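> Generate a structure from the sequence data that follows.
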Amino acid sequence: MPTQTKYIPESSSTSTSKPTSKSTSSKSTSRTIIQVAAALIFLAGIGIFAYPYIMQLLYDRGVTAIVHSFEADRQNQDPRLEALYQKMIEENQSLYENGQMNLVDPFSYEQPGLDLTEYGLSDNIMGYISIPKIEVLLPIHLGASTENMKQGAVHLTQTSYSVGGPNTNSVIAAHRGYSKALMFRKIDLLEIGDSVKIRNFREELDYEVTDIKIIDPHDSQEILIQPEKELVTLMSCHPFPGNKLRYLVYCERVTGSDNSGKQLQDI
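Predicted structure coming up:
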């Protein structure tokens with residue numbers, strides 16, 4: 001009697017391979033998700049680290065454009081600029097004679113005393129400040145308004161305009177904690193003898209750091225004109241990143257320097 005061979009269906013052998021294929025696919029998908037997540041976290045970390053540098057770069061480019069525009073306005077030699085200079089000299093003398101009676105709070109003067117566009121300065125800035133020690137170059141806007149302080153340094157109304165002369169103290173303020181630019185972030189690195197330069201629409205003025213103080217925000221006596229002195233006072237919030245106090249850097253005009261009093265085109 002012939003021996004009968006039992007038939008074994010092929011499906012029995014393939015049925016065991018399907019779960020293995022699903023398991024492998026699931027592991028591959030999980031691995032991909034983890035890799036993508038890790039890459040995103042890495043890129044996010046780079047973005048967070050690079051953000052302040054990118055914003056500073058963009059801000060510096062904006063400042064460069066403003067400075068070029070200012071120089072173009074100045075080189076036009078608009079006759080109104082001489083009238084502006086004389087006006088600022090007169091205002092400075094008046095401030096000295098009346099004892100700056102309207103000066104109450106160092107940061108409270110937002111309204112500019114003059115509209116510079118009426119004198120041919122299209123960006124409404126009176127010049128720019130340079131502090132080599134902390135690599136600062138900032139336009140100087142008239143009036144300590146919120147918007148102006150986002151753009152750069154500001155001149156505090158009811159203090160002397162930055163045109164020099166005896167019995168003057170021009171107070172220039174800027175942020176330390178602004179997220180898009182350093183501005184006066186490193187003001188506490190300045191030391192006695194460090195150089196500060198201001199270029200107004202007429203000339204460059206050289207100053208030297210002579211004193212440093214930390215004051216209460218309402219102590220306006222510390223930023224008054226000092227008789228017979230020719231000062232610029234730099235001011236910012238303190239301690240960084242807070243704003244409970246004010247950090248002051250007093251700078252006195254340097255006489256007899258190569259650049260002092262020269263016209264900008266001669267520098």
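
> any idea what sits nearest residue 173, other than its immediate chain neighbours?
residue 235 (4.4 Å; C-beta to C-beta, 6 or more residues apart in numbering). Bear in mind the C-beta positions are built from the backbone N, C-alpha and C, glycine included.

> can you pull the contacts of the one you found?
Residues counted as contacts of residue 235 (C-beta atoms under 8 Å, 6 or more residues apart in numbering) are 106, 156, 171-173, 223, 246-249.

> Give me the mean pLDDT for the host helix or strand of residue 68.
Residue 68 belongs to helix 17-75 when assigned by DSSP states H and E. For helix 17-75, mean pLDDT is 71.

> can you map out the strands along the protein?
For the chain, the strands defined by DSSP state E cover 125-131, 136-142, 153-155, 168-173, 195-200, 204-215, 230-238, 245-253.

> Report the strands that pair with the fifth one, each with its relative direction.
Each strand that pairs with strand 195-200, with its direction, by DSSP bridges: strand 125-131 (antiparallel), strand 204-215 (antiparallel).

> Return the most buried member of the strands of the chain.
Compared across the strands of the chain, strand 153-155 shows the largest average neighbour count, a mean of 28 (mean count of other C-beta atoms under 10 Å).

> Could you spell out the sheet neighbours of that strand, each with its direction?
strand 136-142 (parallel), strand 168-173 (antiparallel).

> Make TSV out of these and add mean pLDDT.
Output for these, formatted as TSV (pLDDT from 0 to 100):
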stretch	mean pLDDT
strand 136-142	94
strand 168-173	96
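
> Same question for stretch 62-69: list its buried residues.
Buried residues in stretch 62-69, counting neighbours by 16 or more other C-beta atoms under 10 Å, are found at 63, 66-67.

> how about the nearest residue to the residue positioned nearest the centre of the chain, chain neighbours excluded?
Most central in the chain under C-alpha atoms, centre = their mean is residue 183, positioned 2.8 Å from the mean C-alpha point. Leaving aside its sequence neighbours, residue 183 sits nearest to residue 174 (C-beta to C-beta, 6+ apart; 4.3 Å).

> So what's the residue count around that neighbour?
27 (other C-beta atoms under 10 Å).

> Would you agree residue 186 is in contact with residue 132?
No - applying C-beta atoms under 8 Å as the test, residue 186 and residue 132 come out as separate, 11.9 Å apart.

> the more surrounded of the two?
Legend: neighbour count by other C-beta under 10 Å for residue 186 and residue 132, higher for residue 186 (16 against 11).

> So what does the more buried one have for phi and psi?
Backbone geometry at residue 186, expressed as degrees, to the nearest 10, gives phi -100, psi 20.

> show me the contacts for it.
By C-beta under 8 Å, 6+ apart, the neighbours of residue 186 are 134, 136.

> Residue 92 against residue 162, yeah?
No - assessed by C-beta under 8 Å, residue 92 is found out of contact with residue 162, at 9.7 Å.

> Overlap in contacts, these two.
Counting by C-beta under 8 Å, 6+ apart, nothing touches both residue 92 and residue 162.

> circling back: figure out which of the strands of the chain is closest to residue 114.
Residue 114 sits nearest to strand 136-142 of all these, at 6.2 Å, using C-beta to C-beta.

> between that closest one and strand 230-238, how many degrees?
100 degrees (axes from the mean of the first three to the mean of the last three C-alpha atoms, to 10 degrees).

> Need the residues that contact strand 136-142.
60, 63, 66-67, 70, 112-114, 116, 123-130, 148, 151-155, 157, 162, 172, 174, 182-184, 186, 198.

> Go through stretch 66-83 and flag the buried ones.
Buried-residue list, stretch 66-83, by 16+ other C-beta under 10 Å: 66-67, 70, 73-74, 81.

> out of the residues you listed, which one sits closest to residue 191?
residue 67 (26.3 Å).

> That closest one reaches residue 130, doesn't it?
No - with contact defined as C-beta under 8 Å, residue 67 does not reach residue 130; the gap is 10.0 Å.

> what about this structure, any weak spots by pLDDT?
1-27, 35-53, 56, 105-108, 179, 256-267 (pLDDT under 70).

> which of the contacts of residue 235 lies closest to residue 202?
Nearest member of the contacts of residue 235 to residue 202, counting by C-beta to C-beta, is residue 172, at 17.0 Å.
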